[in-house]
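S.K.: Just a sequence and a predicted model for now, questions to come.
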Amino acid sequence: MAREFVPALSQVLGSQVRAKLVAVLVERRDDHLTAARLCDLSDVSQSGFHRDHKSVLLEFGVMERRDAEETGRSSPRYTLADTEQAARARRLHYALQSQLENSGSLLEGNVEQFVE
C-alpha cells in the first residue's frame, strides 16, 4: 500500500503530499485520473494539489496532463508521464515497496544508504 512508504519517498520528492500523489500515479499508471479522483486516492486536498503540487509534478516530468479537448471529456486528466523521471519514480516506488515487504520499515534504517 502506498501509505506504508510515503515517509521514505517524501525525502526524495521533498514533500509527503507529492509522495502520495506519485505513489497513486505509479500504482494507477494505466489510468487517466481527474484531479478530484487523484486527490481522493491520495488523500490530498484539491486546493493544495492545484496550488502547491500540480505545477511541480508537471514541470519535473513525473506527471502529464491530458487536456479535456484531447480526451473528449469535460475535465483534464492526469497520468504518470512517459519520461525518464517518471520511470525512475516508478522504479523507486517498487524498490521501496519490495524493501518494506522484505525487511520492515525503512524508518528504522538509513534511507540514504538504501537509496545508494
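M.R.: Yes, it's here.

S.K.: same for the longest helix seen in the chain, what does it pack against?
M.R.: For the chain, the longest helix by residue count, based on DSSP state H, is helix 84-103. Applying 3 or more Cβ pairs under 8 Å, 6 or more residues apart in numbering; DSSP states H and E, one finds that helix 84-103 contacts helix 6-13, helix 16-27, strand 77-80. Heads up, the C-betas are built off the backbone N, CA and C, glycines and all.

S.K.: Output the lowest mean pLDDT helix or strand found in this protein.
M.R.: Of all the helices and strands that make up the chain, helix 111-115 has the lowest average by mean pLDDT, DSSP states H and E, namely a mean of 50.

S.K.: thinking again about what came up before, thinking in terms of the whole chain, how far from its middle is the longest helix of the chain?
M.R.: Taking Cα atoms, centre = their mean, to the nearest Å, one finds the center of helix 84-103 at 11 Å from the center of the full chain.

S.K.: So what touches the strand or helix carrying residue 37?
M.R.: Element membership for residue 37, per DSSP states H and E: helix 35-42. Contact partners of helix 35-42, identified using Cβ atoms under 8 Å, 6 or more residues apart in numbering, comprise 2, 17, 20-21, 23-25, 28, 33, 44-46, 49-50, 54, 75-76, 78.
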